[in-house]
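sequence and predicted structure, then a few things I'm wondering about:
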Amino acid sequence: MMHRWFASLIAVATVCVGLLGCEGPALVYTDDGVLLQPQRGSGLVPKLESNWLIPDVPTPIGFQPLTSQCMATTDGMTRTVTHVYQGRTNISDAVKFYRQNLRDPRLGWVFEGVGRTDDGVQILDYTKGAEAMQIRILTDAGLTTIQVDITPLDMAPAAS
């Protein structure tokens, strides 16, 4: 009897999902396999400064680092950093997040320009003393990837 009831429940659930589209929110994972929670509300909010992986570059709440793609070195005067984060948002909210939060004079970054590649990657360029920072933002299938590169100014890629 219990088996027949369970089979009926599965059949009803299958019809609901298949015909009525009653499926839940899509599950989105980072490239490192971490489940990302859906964004709540509009816009992005920075994590507490103590949780930033780069001390002078904010990280949005809900974004996870791809540790397999993160590295940082220093020569004592300048840094070479590549950090990659993934989360759920749209590209315009991610751009707005960095444009707003990097204006903070305590962080020391100077906005140099914005660009876009042919494949839709949004690029933000900043400088700070002897360092250049380029933030590359791409959204694909509900997953937004943010790559932050900090290099000595004389090794920086050409501004967008």
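That came in fine, so what should we check first?

residues in contact with stretch 68-85?
Residues from elsewhere that reach stretch 68-85 (Cβ atoms under 8 Å, 6 or more residues apart in numbering): 31-32, 53-54, 57, 59-60, 63-66, 130-131, 145-153, 155. (Each C-beta comes from the backbone N, C-alpha and C, glycine too.)

go again with 6 Å.
32, 53, 63, 65-66, 130-131, 146-152 (Cβ atoms under 6 Å, 6 or more residues apart in numbering).

for stretch 46-60, same thing?
L44, I61, P65, H83, F97, N101, L107, V148.

and whichever strand or helix holds R99, what does it pack against?
When secondary structure is defined by DSSP states H and E, R99 falls within helix 91-101. Other helices and strands packing on helix 91-101, by 3 or more Cβ pairs under 6 Å, 6 or more residues apart in numbering; DSSP states H and E, are strand 122-128, strand 131-140.

in that helix, which residues are buried?
Across helix 91-101, burial judged by 16 or more other Cβ atoms under 10 Å covers I91, D93, A94, V95, F97, Y98, N101.

I am finished for the moment; much appreciated.
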